[in-house]
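# test case, fold it:
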Amino acid sequence: MTTSIDSNIIVALWRHDDPLNFVSAKILDQARKRGELIVSAPVYAELMGDPIRTESGLNQFFQDSGIVVDWTLDERVWREAGRAYKGYVLRRRSASGVLPRRLLTDFLIGAHALVRGYSLLTFDQRLYAAAFPSLTILSD
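From the prediction side, this is the model:
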């Protein structure tokens, strides 16, 4: 089984003072035992925003960890992300009358996993379960 990894898992792994650091390491290890680990291009881009990371350091992390970066987001991924994002916006506006607080990136990450047939390892189970009901979501 191939597992796609959300950026929040890797960020928790990198921050030793994060309360989810140990959990992140444990669930990544479990996912690795089940099969290949992947991150989508949007996850890579989000991780580049970490102020203490460099591009070369990020590349080295992926090489050392054996996590593959899937750089391709084809039309099916974009369309699925757009449908899920629209659903989220409509749910949020009807429930609270406010604009969305999530970024499109989250929906690209979920759509990538769904379209490719991967499971998704994330700490944001609620978001992804609502946006992608048929996506297999792994968490702590």
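
# need the pLDDT of the nearest residue in space to Gly35 that is not next to it in sequence.
Distances taken as CB to CB, 6 or more residues apart in numbering place Met1 nearest to Gly35, at 4.3 Å, with adjacent residues excluded. Quick note: C-beta positions are derived from backbone N, CA and C, even for glycine. If you check Met1, the pLDDT there is 91.

# next: Ser56.
96.

# same question, Phe123
96.

# which helix or strand in this protein has the lowest average pLDDT?
When each helix and strand of the chain is scored by mean pLDDT, DSSP states H and E, helix 75-96 comes last, with a mean of 91.

# can you name the element that comes right after that one?
Later in the chain than helix 75-96, the nearest helix or strand by DSSP states H and E is helix 104-116.

# now the element after that following helix, going C-ward?
Later in the chain than helix 104-116, the nearest helix or strand by DSSP H and E is strand 119-121.

# partner strands of that next one, with direction?
Under the criterion DSSP bridges, strand 119-121 sits next to strand 3-5 (parallel), strand 137-138 (parallel) in its sheet.

# identify the bridge partners of Val68.
Note on Val68: beta-bridge partners by DSSP bridges are Ile38.

# number of nearby residues for it?
Val68 has 13 neighbouring residues, counting by other CB atoms under 10 Å.

# which strands and helices sit next to the helix or strand hosting Leu28?
Here Leu28, judged by DSSP H and E, is contained in helix 21-34. For helix 21-34, the packing partners by 3 or more CB pairs under 8 Å, 6 or more residues apart in numbering; DSSP states H and E come out as strand 3-5, helix 7-14, strand 119-121.
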